[in-house]
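>>> just coords:
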Ligand code: NI
């Protein structure tokens, strides 16, 4: 089956599905309506459907015996954002918006699922397909939840493909890269414990405010002095909390931040240096540092084989001219958790278009996407499955 041509025929339907989801966004782990719509479609097309991870949907299209099972993943959750796009299909739910375009991902994946079922029926495809519609990507919890329910194990999937829209790239481009694409994400918490005092008698204190300021500054030297300049890493603090009065030196200060990296060696080195630098700076200033680093997500890393399948599929759909080499992002994606188990490739689907105001970044209340990219996303997903199945 020529998926590019078939997706073009189905584009009106896919856009309708997307707009319906856009009007009715649901927050993480509350994707009940969305999951219901997805499950009903999959059942209609002959998928065996079960619910996973609460509101998630697992659909299995059985292949001929011995054929590999290839998975496609889409996410379904929206964000606590008040939409401000003025679109005629804008969110009807106050304070909730598909501001990351997961409605687009769901529409693309449904398009792919429908075409693969059609291809199975007309005899042009005989592989097994697992469709995963996961909840709660925005809070990094959905992949974990559906994996716990056997998303990739029952039946065992050999490879997985997924996409994320990207408004910084031109609509209908397929943006790809082998190796690291999105960063590992860790949450950093540093508590500086000192001795409080009156602000006018600082010599009686061990001032955690001064120590915290030094810790923040000195942790910045880890990226600049300890990480190879050709590697990428980020240490950013987002909160600083301590004290209640302007003239009282508090007992403690708490800092929270985010740590990002691509390679596991860099990630481990960052953690070790954060512990050492925070502890020694605090100790040097008469305080103590308690460091807590939570590993939230590994990096999204596209292995050579699944990348090659996706690249070939993209070439078939948009031609070499429609493919852009991705510049990696320090953002995170829980697609990485699937890649931790089986080979997989995540690609970005360009949805940018200045002419229609599709220029705002993810999570913006003005986020708009060029819907003409949807059939391209659907066709590349479906074709990736076929290429991976045929080897
Ligand atoms: Ni997203």
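Happy to help now that I have it. Predicted, not measured: the structure shown is a model, and the values here were computed from it.

>>> C-alpha only now, for contacts and for neighbours.
Fine.

>>> which residue ranges form the helices in the stretch 51-200 of the chain?
102-121, 142-148 (DSSP state H, counting those that start in this stretch).

>>> what packs against the last one?
With contacts taken as 3 or more C-alpha pairs under 8 Å, 6 or more residues apart in numbering; DSSP states H and E, helix 142-148 sits against strand 128-134, helix 336-339.

>>> Return the most buried member of the helices of the stretch 51-200 of the chain.
Across those, the average number of neighbours (mean count of other C-alpha atoms under 10 Å) peaks for helix 102-121, which reaches a mean of 25.

>>> pLDDT averaged over that helix - what is it?
Along helix 102-121, the predicted local confidence has a mean pLDDT of 98.

>>> That helix packs against which elements?
In this structure, helix 102-121 packs against helix 3-9, helix 11-23, helix 32-44, strand 69-75, strand 128-134, strand 159-170, helix 374-390, with contacts taken as 3+ C-alpha pairs under 8 Å, 6+ apart.

>>> switch the cut-off to 7 Å
Contacts of helix 102-121 with other secondary structure elements, assessed using 3 or more C-alpha pairs under 7 Å, 6 or more residues apart in numbering; DSSP states H and E, are made with helix 11-23, strand 69-75, helix 374-390.

>>> quick one, which of the ones you listed is nearest to residue 254?
For residue 254, the closest of the helices and strands packed on helix 102-121 is strand 69-75, at 33.8 Å, according to C-alpha to C-alpha.

>>> which residues does residue 156 bridge with?
residue 153 (DSSP bridges).

>>> Can you tell me how far it is from residue 77?
Distance of residue 156 to residue 77, computed by C-alpha to C-alpha, to the nearest Å: 25 Å.

>>> the more surrounded of those two?
residue 77 (32 against 15; other C-alpha atoms under 10 Å).

>>> what's the neighbour count on the closest residue to residue 329 other than its chain neighbours?
Nearest residue to residue 329 in three dimensions, chain neighbours excluded: residue 182, at 5.0 Å (C-alpha to C-alpha, 6 or more residues apart in numbering). Burial of residue 182 is recorded as 25 neighbouring residues (other C-alpha under 10 Å).

>>> try residue 155
For residue 155, the count of nearby residues is 14 (other C-alpha under 10 Å).

>>> Which phi and psi values does it adopt?
When quoted as degrees, to the nearest 10, the phi and psi of residue 155 stand at phi -80, psi 160.

>>> And it, how close does it get to residue 61?
10 Å.

>>> most centrally placed residue in this structure?
Note on the chain: the residue nearest the mean C-alpha position is residue 333, at 2.3 Å, using C-alpha atoms, centre = their mean.

>>> I am finished for the moment; much appreciated.
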